[in-house]
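1. need a structure here:
(one chain, ligands or ions: 3)
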Amino acid sequence: MPAQASPTHAAVRAGVTPTSARCAALVRWLEHRLDPVFGAAGNPLKHLGALAVLLLWILLATGVVLFVVLDTSAAGAHASIAGLVQVPLGLGLVLRGLHRYSADALVLVLALHIAREWALGRYTHVRRPIWLTGVPLVLLVFASAIGGFWLNWDRLGQYSAVSTAEWLDALGLFGAPLARNFLSGQALGERLFTLFLFVHIGLPLMLMFGLWFHVQRLARADWLPPRALSAGTLVALVLLSLALPVTSQEAADLSSLPERLRMDWLILFIHPLLDATSPAFVWLLVFALLVALLLPPLLPARPRPAVAEVQPEHCSGCERCFDDCPYSAITMVAHASGKPGARMAQVDPDLCASCGICAGSCPSSTPFRSIHELVTGIDMPQRSVDTLRGELLQGLAALPGPSKLVVFGCVEGAALHLQARDVVQVDLICAAMLPPSFVDYAVRAGASGVLIAACREGACAYRLGQRWSAERLAGRREPRFKRSEGAPPPSVVWADPGDEAAVHARLDELRRQAAGNTACIEEFAS
Ligand code: HEM
Ligand code: SF4
Ligand code: SF4
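-> Ligands and ions are numbered 1, 2, ... in the order given. Got it, this is the predicted structure:
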C-alpha cells in the first residue's frame, strides 16, 4: 500500500473556513516577505505583543523623566514642555520624540497585533480569556494617549480636551457639563490639570495591571522582542525624534478657537471625526467597534479538541511536561499512588490548548518502551503516541522499499499530502508532540531517512512547539535526541503553510541521500 496522508490533517483543518484560511494565508504571506529581511526569529510581525510591551516600557521610562524634569502645573506646563527644544545635544527633542512616537507606534503595533491574532483565529477556547482581557487594554491605551496631549496645554491639547469634554457631555451622565470647565476667557484650573495628570499617568498603571491578566495564561510570555529588534526599534524612534522633532504648538487660549493645528492622526483622529459627524454617531461607532472586538471569542466555535490526559501509573513526576506546556495548563500535585514525596502531573482542562507538546516531552513516550500498547505519562486521546507508533510501523511495513522515507509533519505547518510509494507520512498535532526517540526508532524499524517538518521559527500555532523541537533535536533540551551509531541524522525543514515546495525539495534531497546509502550498502555487500 503506498503511503497515504493520515486523517489527522483533514480532521484538524475541518473547522477552518475558506475565509479564515485566506486571512491566515495573508498573514503568512506577509510574514514570509519579512522573514528574509529580519530573519525568521526576529520578524517583527511575530513579536507584536512583545513590541507593544517594549513601547510601553519606553513610554514609561521617558514619561518618568518628563514628569521629573517638567513643570507639571497648569500655568507652567506649556512653557516647560516647549523649552525641551533648548536642551543641549537634542536630548530634550529625543526625550519628547521617544515619548510621542512610542505612543504612535503603540497604536499601530496594537492594531497589527489584533489583526494578526484575529486572522490566525486565536480567540477561541483557551485563547478566549486572553483575547477578552486584551480589549480593555485598547481603551486604556487610547484614553491615556489622548490625555497626554492635554498635558502640553497648547492649542492641540486645548482642541482635544474641549472636544473630548463635549463628546462625554453628549452622554448626559454628568450633572454639570464638563465643557463648562473650558469656558471662554477662563484659565485652566489646577484641579482640572491634576485630573489630566491622573488620566495620563493613572490609566497606564491600570494598563500594566491589565497586561498581567492578559498574559497570565501564557507560559514564558514573549515579554520583550529579540535584542536586535528591540535595539532597532529604539534606534528608529530616536532617529525619527531627531528627523521630525515633536514641538509644541501655541499655548492654549480658551478665548479663541484653535486653527491650523498639526494633528496626530493616529491618536487624535476621533476629534476631526466628531467635527465631521456628531457625538452620537461617534459613540455608536465606538460601541460598534467594541462589539466587533468582543464578538469573535463569543461566537460559536468549532468543537474543542480533547485535552491532555495523565496516566498516573506512567508518570514519574519528572516535571518535563510542566516545563514545556505553553499555556501553563499543568501543575504538579501529590502522586495518586500516595507514595510519600512522589509527584505527578495534573492537567487543568480549561487551560489546555490540546497541542500535545507535553506528550512529546514525557520520558514514558519513548516508542522503544513497550511492545504492545504504548501508554505514556501524558497523552492526547485524539492522537496518542501509540497511534503515532502504529502508523509508523504499519506504513513502513507497507512500503515496497528499498528506499523507505518517514516524514513526521506538523498539521499546522506546510500542508502535506504525500502519496509517494517510498514515503510514510505521520501527522503531528504540533511538531513538539514528537518524542525525539521516534527518529531512531523509525530508522531501526527500517526507515532509510527521516524528515521532520515543523513550522518556521516564531510561527508555532502553540507558541513554543518549534522552539522545543529545535532544542530537543539539537540536544539542548530534554528529551534530547540521541542517534544510534551509524544512523543518519534526522533532516529538519521549518515549513509553514505555503512552504510545501521546501518540504518536497528536502524530501528529494533525502531520497538522493538514502539512494546513495543503499547503493553503498549494496556495493559493500557484493
Ligand atoms: C497594550 C495592549 C496589548 C499588549 C501590550 C499585548 C501584549 C501581548 C503579549 C506580550 C502577548 C504574549 C505573546 C506570546 O508570548 O506569544 C500577547 C498575546 C496575545 N494577545 Fe495581546 N497585547 C495587547 C492587546 C491585545 C488585544 C487588544 C488583543 C485582542 C483583542 C490581544 C490578543 C492576544 C492574543 C489572542 C494573544 C495570545 C496569542 C497566542 O496564544 O499565541 N492582545 N499579547
Ligand atoms: S496539550 Fe499542550 S496545553 Fe495541554 S497540557 Fe499538554 S502541553 Fe499543555
Ligand atoms: S513528563 Fe511524563 S513523567 Fe514527567 S511529569 Fe509529565 S507526565 Fe509525568
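2. When you work out contacts or count neighbours from here on, use the C-alpha atoms and nothing else.
-> Fine.
3. residue boundaries of the helices in the stretch 101-250 of the chain?
-> 128-152, 155-169, 190-197, 203-215, 227-243 (DSSP state H, counting those that start in this stretch).
4. Show me the strands in the stretch 201-350 of the chain, by range?
-> Secondary structure of the stretch 201-350 of the chain (DSSP state E, counting those that start in this stretch): strands located at 309-310, 330-334, 343-347.
5. Given the shortest one, what are its sheet partners and their directions?
-> Same thing as strand 309-310. strand 378-379 (antiparallel) (DSSP bridges).
6. quick check: mean pLDDT across the strand it pairs with?
-> Taken as a whole, strand 378-379 has a mean pLDDT of 98.
7. Run through who's touching that strand.
-> The contact list for strand 378-379, computed with C-alpha atoms under 8 Å, 6 or more residues apart in numbering, reads Ala308, Glu309, Val310, Gln311, Cys315, Gly356, Cys358, Ala359, Cys362, Val385.
8. Please give the number of neighbouring residues around the fifth one.
-> It stands for Cys315. 21 (other C-alpha atoms under 10 Å).
9. Just list the residues touching the nearest residue to it once chain neighbours are set aside, thanks.
-> Nearest non-adjacent residue to Cys315, counting by C-alpha to C-alpha, 6 or more residues apart in numbering: Gly377, 4.4 Å away. Listed by C-alpha under 8 Å, 6+ apart, the contact partners of Gly377 are Val310, Gln311, Pro312, Glu313, His314, Cys315, Ser316, Ala359, Cys362, Pro363, Ser364, Ser365.
10. and the two most separated of those residues?
-> Maximum pairwise distance among the contacts of Gly377 (C-alpha to C-alpha): 15.0 Å, between Glu313 and Ala359.
11. Tell me which of these two has more neighbours.
-> Counted by other C-alpha under 10 Å, Glu313 and Ala359 do not tie: Ala359 has more neighbours, with 29 against 13.
12. Now name the helix or strand holding the more buried one.
-> helix 357-361 (DSSP states H and E).
13. Ala445 reaches Gln394, doesn't it?
-> No. Here Ala445 lies out of contact with Gln394, judged by C-alpha atoms under 8 Å, at a distance of 10.3 Å.
14. so which strand or helix has the closest residue to ligand 2 within the stretch 401-526 of the chain?
-> With C-alpha to the nearest ligand atom as the measure, Tyr462 is the residue of the stretch 401-526 of the chain nearest to ligand 2, at 7.7 Å. Remark: Tyr462 resides in no helix or strand, with elements defined by DSSP H and E.
15. Distance of it relative to ligand 3?
-> 18 Å (C-alpha to the nearest ligand atom, to the nearest Å).
16. And for Asp264?
-> Counting by C-alpha to the nearest ligand atom, the separation of Asp264 from ligand 3 is 52 Å.
17. got it, and Leu156?
-> Per C-alpha to the nearest ligand atom, Leu156 is found 58 Å from ligand 3.
18. burial of Phe67, as a residue count?
-> 12.
19. what's the helix or strand hosting it packed up against?
-> Using DSSP H and E, Phe67 sits within helix 48-69. Applying 3 or more C-alpha pairs under 8 Å, 6 or more residues apart in numbering; DSSP states H and E, we find helix 48-69 packed against helix 91-119.
20. tell me which strands and helices the helix it packs on is in contact with?
-> Using 3+ C-alpha pairs under 8 Å, 6+ apart: helix 91-119 touches helix 18-38, helix 48-69, helix 128-152, helix 227-243, helix 265-268.
21. rerun that using 10 Å as the cut-off
-> Counting contacts by 3 or more C-alpha pairs under 10 Å, 6 or more residues apart in numbering; DSSP states H and E, helix 91-119 packs against helix 18-38, helix 48-69, helix 77-82, helix 128-152, helix 227-243, helix 265-268, helix 279-298.
22. Next, see if the fifth one gets close to ligand 1.
-> No. For helix 227-243 and ligand 1, the contact criterion (C-alpha under 6 Å from any ligand atom) is not met; the two come no nearer than 13.5 Å.
23. List the contacts of the nearest residue to Asn43 once chain neighbours are set aside.
-> Leaving aside its chain neighbours, Asn43 sits nearest to Asp35 (5.8 Å; criterion: C-alpha to C-alpha, 6+ apart). With contacts defined as C-alpha atoms under 10 Å, 6 or more residues apart in numbering, the neighbours of Asp35 are Ala41, Gly42, Asn43, Pro44, Leu45, Lys46, Arg456, Glu457.
24. Just give the number of residues close to the nearest residue to Leu45 once chain neighbours are set aside.
-> Leaving aside its sequence neighbours, Leu45 sits nearest to Glu31 (C-alpha to C-alpha, 6+ apart; 6.4 Å). Neighbour count for Glu31, taken as other C-alpha under 10 Å: 17.
25. Tell me how far Glu31 lies from Ala21.
-> Distance, Glu31 to Ala21, by C-alpha to C-alpha, to the nearest Å: 15 Å.
26. quick revisit: is it true that the residue nearest to Leu45 touches Leu48?
-> No. The criterion here is C-alpha atoms under 10 Å, and Glu31 misses it with Leu48 at 11.9 Å.
27. give me the number of residues near the residue of the stretch 251-400 of the chain found nearest ligand 1?
-> Closest contact between the stretch 251-400 of the chain and ligand 1, by C-alpha to the nearest ligand atom, is at Leu293 (6.1 Å). Neighbour count of Leu293, defined by other C-alpha under 10 Å: 17.
28. gap between the closest residue to ligand 2 within the stretch 101-250 of the chain and Ile378?
-> Closest to ligand 2 within the stretch 101-250 of the chain is Val126: 8.6 Å, counting by C-alpha to the nearest ligand atom. According to C-alpha to C-alpha, Val126 stands 19 Å off from Ile378.
29. In the record's domain split, what are the boundaries for the chain?
-> 38-254+262-295, 309-525 (the TED database).
30. Any residues of the chain in contact with ligand 1? List them.
-> Residues of the chain lying near ligand 1 by C-alpha under 6 Å from any ligand atom: 49-50, 52-53, 114, 117, 122-123, 127, 130-131, 134-135, 137-138, 215, 221-223, 463.
31. what do you get if the cut-off is 5 Å, keeping everything else the same?
-> 49-50, 52-53, 114, 122, 131, 134-135, 137, 221-223 (C-alpha under 5 Å from any ligand atom).
32. pLDDT on stretch 245-257, on average?
-> 93.
33. Kindly report the same for stretch 312-320.
-> What stretch 312-320 shows for mean pLDDT is 98.
34. can you pull the buried residues of that stretch?
-> Across stretch 312-320, burial judged by 16 or more other C-alpha atoms under 10 Å covers Pro312, His314, Cys315, Ser316, Gly317, Glu319, Arg320.
35. what residues does that stretch touch?
-> Residues from elsewhere that reach stretch 312-320 (C-alpha under 10 Å, 6+ apart): 330-337, 342-346, 358-365, 375-378, 477-479.
36. Can you flag the buried ones in the residues you listed?
-> Among these, those classed as buried by 16+ other C-alpha under 10 Å are 330-332, 335, 342-346, 358-365, 375-378, 477-479.
37. Among the residues you listed, which ones lie close to ligand 2?
-> Restricting the buried ones among the contacts of stretch 312-320 to those touching ligand 2 (C-alpha under 5 Å from any ligand atom) yields Cys358.
38. can you count the residues close to Leu34?
-> 16.
39. Likewise for Gly202?
-> By other C-alpha under 10 Å, 14 other residues sit near Gly202.
40. wait, what's in contact with it?
-> By C-alpha under 10 Å, 6+ apart, the contact list for Gly202 reads Leu140, Ser144, Leu195, Phe196.
41. Name the SS class of Ala74, please.
-> Following DSSP: H, G, I helix; E, B strand; the rest coil, we place Ala74 in the coil state.
42. That one touches Thr194, doesn't it?
-> Yes. Assessed by C-alpha under 10 Å, Ala74 is found in contact with Thr194 at 8.4 Å.
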